[in-house]
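S.K.: Using only what follows, build the 3D model:
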Amino acid sequence: MAQPVKSARTPRSTEKRAPEGTESPGSRRAAAQRLSMRRKLAAAAMELFATKGYEATTVDEIAAAAGVARRTFFRHFRSKEEAIFPDHDDTLVRAEAVLDAAPAHEHPLDTVCRGIKEVMRMYAASPAVSVERYRLTREVPTLREREIASVARYERLFTSYLLGHFDERAHHDGNDDPLLAEVAASAVVTAHNHVLRRWLRAGGQGDVEAQLDRAFAIVRDTFGSGIGAGRPADDRGPAAVASADGDVLVTVVRTDAPLGEVMRTIERALRNR
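M.R.: I've put the predicted structure just below:
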């Protein structure tokens, strides 16, 4: 399998972005107001879905419950099922920003795991709302389909990112690099969704981020060695080295080493002593 390198790929998103640092206070306020209205409409929709039922609830009723006109609803959502997920668009942007700002020394899988944590934080910010939304998506097939479509967007983003850390010249028939990137991205999303569902079924209780880190460690141990560092190598040596001698463990760590990589190095040394 070809060793991954950072390739000069085109940006993942086709949307035009403003130059970095040019976002004005006014545009930030507008974005915050937009998200606030989307959440208000989503709250109204969920309440009506819970009391009247999904099929019996109309867009006009959702708009009226939120205190806005029908046209305001359609400025924010294309349909009533879309209103149940007001934060996914903004969360996808934040996840992509994590990938774009990743430090050069970070393993690509660690970057992807940090990116999808933005999704978990979206749910964890409002546990009661997230639990109710989970209940509704289990009961209404249309909402479930919308949720699956949202998950697929994250998976495509992360697959594209991991592919960007392989040498594109090595992609040819029979080469496993694209397959590895897609399977690894799917594993990260699956691990996230497994932990999320367990947390939601528990009523939004517990340290969900710690549970997520444990799940990601399994993914990293399974796929990390195949993907490799994913960025241009330097001559500084490994980020962390650990060796065990009897009851003593000696670890040498670079100051810029990611904590996750340090912990995995220590765990491997302890297992192999």
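S.K.: Helix, strand, or coil at residue 252?
M.R.: Three-state secondary structure (criterion: DSSP: H, G, I helix; E, B strand; the rest coil) places residue 252 in strand.
S.K.: Pull up the gap between it and residue 106, please.
M.R.: Between residue 252 and residue 106 the distance is 19 Å, computed by Cβ to Cβ, to the nearest Å. C-beta: built from backbone N, CA, C; applies to glycine.
S.K.: So for these two, which sits in the more crowded spot?
M.R.: residue 106 (19 against 13; other Cβ atoms under 10 Å).
S.K.: pull the helix or strand with minimum mean pLDDT from this protein.
M.R.: Of all helical and strand segments in the chain, the minimum by mean pLDDT, DSSP states H and E falls on strand 240-245, at a mean of 65.
S.K.: so who does the residue lying closest to residue 183 once chain neighbours are set aside touch?
M.R.: The spatially closest residue to residue 183, leaving aside those adjacent along the chain, is residue 223, at 7.3 Å (Cβ to Cβ, 6 or more residues apart in numbering). Residues in contact with residue 223 (Cβ atoms under 8 Å, 6 or more residues apart in numbering) are 109, 180, 183-184, 187.
S.K.: quick one, strands of the stretch 1-150 of the chain?
M.R.: All residues of the stretch 1-150 of the chain lie outside strands when identified by DSSP state E, counting those that start in this stretch.
S.K.: any weak-confidence spans in it?
M.R.: 1-23 (pLDDT under 70).
S.K.: hmm, back to that, so which of the contacts of residue 223 is the most crowded?
M.R.: Neighbour tally across those (other Cβ under 10 Å): the maximum, 27 neighbours, falls on residue 109.
S.K.: From residue 215, how far out is that residue?
M.R.: From residue 109 over to residue 215 (counting by Cβ to Cβ), the distance is 13 Å.
S.K.: before we move on, what about residue 97?
M.R.: 23 Å.
S.K.: Quick one: the helices in the chain, in order.
M.R.: In the chain, the segments counted as helices under DSSP state H are 25-52, 59-66, 70-76, 88-100, 108-124, 127-139, 141-163, 177-201, 208-227, 259-272.
S.K.: what packs against the shortest one?
M.R.: Applying 3 or more Cβ pairs under 8 Å, 6 or more residues apart in numbering; DSSP states H and E, one finds that helix 70-76 contacts helix 25-52, helix 59-66.
S.K.: Relative to residue 88, which of the ones you listed is closest?
M.R.: helix 25-52 (10.1 Å; Cβ to Cβ).
S.K.: which residue packs closest to residue 147, ignoring adjacent ones?
M.R.: Leaving aside its sequence neighbours, residue 147 is closest to residue 137 (5.1 Å, by Cβ to Cβ, 6+ apart).
S.K.: Pull the contacting residues for the one you found.
M.R.: Neighbouring residues of residue 137 by Cβ under 8 Å, 6+ apart: 84, 143-144, 146-147.
S.K.: Could you rerun that using 7 Å?
M.R.: By Cβ atoms under 7 Å, 6 or more residues apart in numbering, the residues touching residue 137 are 143-144, 147.
S.K.: Over to residue 220?
M.R.: With contact set as Cβ under 7 Å, 6+ apart, residue 220 has these partners: 109, 264.
S.K.: At the geometric centre of this protein, which residue do we find?
M.R.: Using Cα atoms, centre = their mean, the residue of the chain that lies closest to the mean C-alpha position is residue 116, 1.7 Å off.
S.K.: Hmm, residue 96 and that one touching each other?
M.R.: No - with contact taken as Cβ atoms under 7 Å, residue 116 and residue 96 are classed as non-touching, separated by 11.3 Å.
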